[in-house]
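Asker: Turn this into a structure:
(one chain, ligands or ions: 2)
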Amino acid sequence: MIYTVTLNPSIDYVVQVENLQLGELNHSLSNFKLPGGKGINVSRILHQLNTDTTALGFIGGFTGEFITNWLQQDGIRTDFITIGDDTRINIKLKSDSETEINDRGPTIREEEAQALLKKAENFTANDIVILSGSMPPSLPSDFYKQLIERFSAANVQFVIDTTGKGLKSSLPYQPFLIKPNVKELAQFFNVTLESNEAILHYGKQMINLGAQHVIVSMAGDGALLFTRDAIYQGISPKGTVRNSVGAGDSMVAGFISEYHSSGDIESAFKMGLASGSATAFSDDLAKKNDILQLLEHVEVSRL
Ligand SMILES: Nc1ncnc2c1ncn2[C@@H]1O[C@H](COP(=O)(O)OP(=O)(O)O)[C@@H](O)[C@H]1O
Ligand SMILES: O=P(O)(O)OC[C@H]1O[C@](O)(COP(=O)(O)O)[C@@H](O)[C@@H]1O
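Answerer: Ligands and ions are numbered 1, 2, ... in the order given. Presented below is the predicted three-dimensional model:
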């Protein structure tokens, strides 16, 4: 089974405003609410690609109910820990450019946190766990490490898509995949990345630090995949961007879904690229047919 863990789910409230004026009254042209949070997005795309998945994490309040109901209506298995506080709402403002306001997240009580750690003790070496996104500030700062120690003890393969301390502390445990975008890669090493050579250098560094596979995603410019013995460059298909929220999560899902079924790293990378772009070209996350259509237009070469 492929589990996703979303410590900080969200409702993504996507609002379109023409010619946004800060400090003025603006009227929205359209708005929609989507279940969000990185692991939840990964589960939604895995499900589109007919890959069995269960979404775990913390969920609470009326906002949490919205997410659980949506996932259940889509037929996606969930096994969330119910919390006393409300799941957050993140604002995605579309005007001439895309602006995001992400909330820090709800309060997680000690017993709620313990309940998730207990669940993490039940995974086996046949499972893959995808840990994605930020942590609500009320969790101990080493919470990802606490989860990973449990996976490592049971030889569970894990993917981690987060930033800062959570990512850093995971590397000695050899995550199967990490997927920083270029900005996150630069932040991790506290550098500016202005050339391809620099991106190649720091991508390789992530492998040296312990990751088994690293995808450095670059939005419309595609992505680089680093393995322990090769580097691949992926070119994304061109298209009209409608809503790129969740493109990175879709890429992780496409990669893991294909790797899980074929075991082929290059095909997995192609599916990741197609899934990311298909989401960027959709209002909501991508649908299976859109992903498969774009797959024919993805190009991957070994550097
Ligand atoms: N504007 C775009 N055009 C085509 N593909 C895109 C675009 N934005 C994202 N993608 C696809 O989705 C992948 C992940 O997007 P990116 O924005 O880099 O990740 P994140 O959402 O994590 O910041 C990219 O590598 C690419 O394959
Ligand atoms: O957990 P974080 O880092 O605060 O991010 C949460 C946000 O990221 C998303 O999962 C989208 O992520 P990506 O665009 O990186 O794929 C949104 O659905 C959500 O609002």
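Asker: ok, and the closest non-adjacent residue to L295?
Answerer: A274 (4.2 Å; C-beta to C-beta, 6 or more residues apart in numbering). Placement of C-beta: from N, CA and C, glycine included.
Asker: So the one you found lies in a strand, does it not?
Answerer: No - A274 is assigned helix when assessed by DSSP: H, G, I helix; E, B strand; the rest coil, not a strand.
Asker: Quick check: it touching P237?
Answerer: Yes - at 7.4 Å, A274 counts as touching P237 under the criterion of C-beta atoms under 8 Å.
Asker: From N41, how far out is I83?
Answerer: Per C-beta to C-beta, to the nearest Å, I83 is found 20 Å from N41.
Asker: Looking at those two, which one has more neighbours?
Answerer: N41 (30 against 24; other C-beta atoms under 10 Å).
Asker: does any part of the helix or strand harbouring that one sit near ligand 1?
Answerer: Assigned by DSSP states H and E, N41 belongs to helix 38-48. No - Helix 38-48 stays clear of ligand 1 (C-beta under 6 Å from any ligand atom), getting no nearer than 8.4 Å.
Asker: partners of whichever helix or strand comes after that helix in the sheet?
Answerer: Using DSSP H and E, the helix or strand that follows helix 38-48 in sequence is strand 53-60. In the sheet, strand 53-60 lines up against strand 2-6 (parallel), strand 77-78 (parallel), strand 81-83 (parallel) (DSSP bridges).
Asker: of those strands, which approaches N126 most closely?
Answerer: Nearest to N126, of all those, is strand 2-6, at 10.3 Å by C-beta to C-beta.
Asker: List the contacts of that closest one.
Answerer: Under the contact criterion C-beta atoms under 8 Å, 6 or more residues apart in numbering, strand 2-6 has outside partners 37-40, 42-43, 46, 51-58, 116, 123, 127-133, 147, 256, 260.
Asker: Mind doing that once more with 7 Å?
Answerer: Contact partners of strand 2-6, identified using C-beta atoms under 7 Å, 6 or more residues apart in numbering, comprise 37-40, 42-43, 46, 51-57, 123, 127-133, 147, 256, 260.
Asker: Run the angle between that strand and helix 38-48 for me.
Answerer: Strand 2-6 runs at 150 degrees relative to helix 38-48, counting by axes from the mean of the first three to the mean of the last three C-alpha atoms, to 10 degrees.
Asker: Pull out the buried residues from the helix holding N41.
Answerer: Within helix 38-48, the residues scored as buried using 16 or more other C-beta atoms under 10 Å are 38-48.
Asker: Which of those residues sits closest to S195?
Answerer: Nearest to S195 among those, counting by C-beta to C-beta, is K38 at 28.5 Å.
Asker: my read: the closest one touches S250, true?
Answerer: No - between K38 and S250 there is no contact under C-beta atoms under 7 Å: 10.3 Å.
Asker: quick revisit: A274 and P237: which has the busier surroundings?
Answerer: A274 (27 against 19).
Asker: domain assignment for the chain?
Answerer: Domain ranges of the chain: 1-19+28-131+148-156, 177-303, per automatic domain parsing.
Asker: can you put those in a markdown table and add distance to S170?
Answerer: A markdown table is the format used below for the domains of the chain (distance: least, C-beta to C-beta, whole Å):
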| stretch | distance to S170 |
| --- | --- |
| domain 1-19+28-131+148-156 | 6 |
| domain 177-303 | 8 |
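Asker: a markdown table for those domains, including mean pLDDT and distance to ligand 2?
Answerer: Output for the domains of the chain, formatted as a markdown table (pLDDT from 0 to 100; distance: least, C-beta to the nearest ligand atom, whole Å):
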| stretch | mean pLDDT | distance to ligand 2 |
| --- | --- | --- |
| domain 1-19+28-131+148-156 | 97 | 3 |
| domain 177-303 | 97 | 3 |
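Asker: so which of the ones you listed gets nearest L139?
Answerer: L139 lies closest to domain 1-19+28-131+148-156 among the domains of the chain, at 5.3 Å (C-beta to C-beta).
Asker: and for A274 and P237, which residues touch both?
Answerer: 294, 298.
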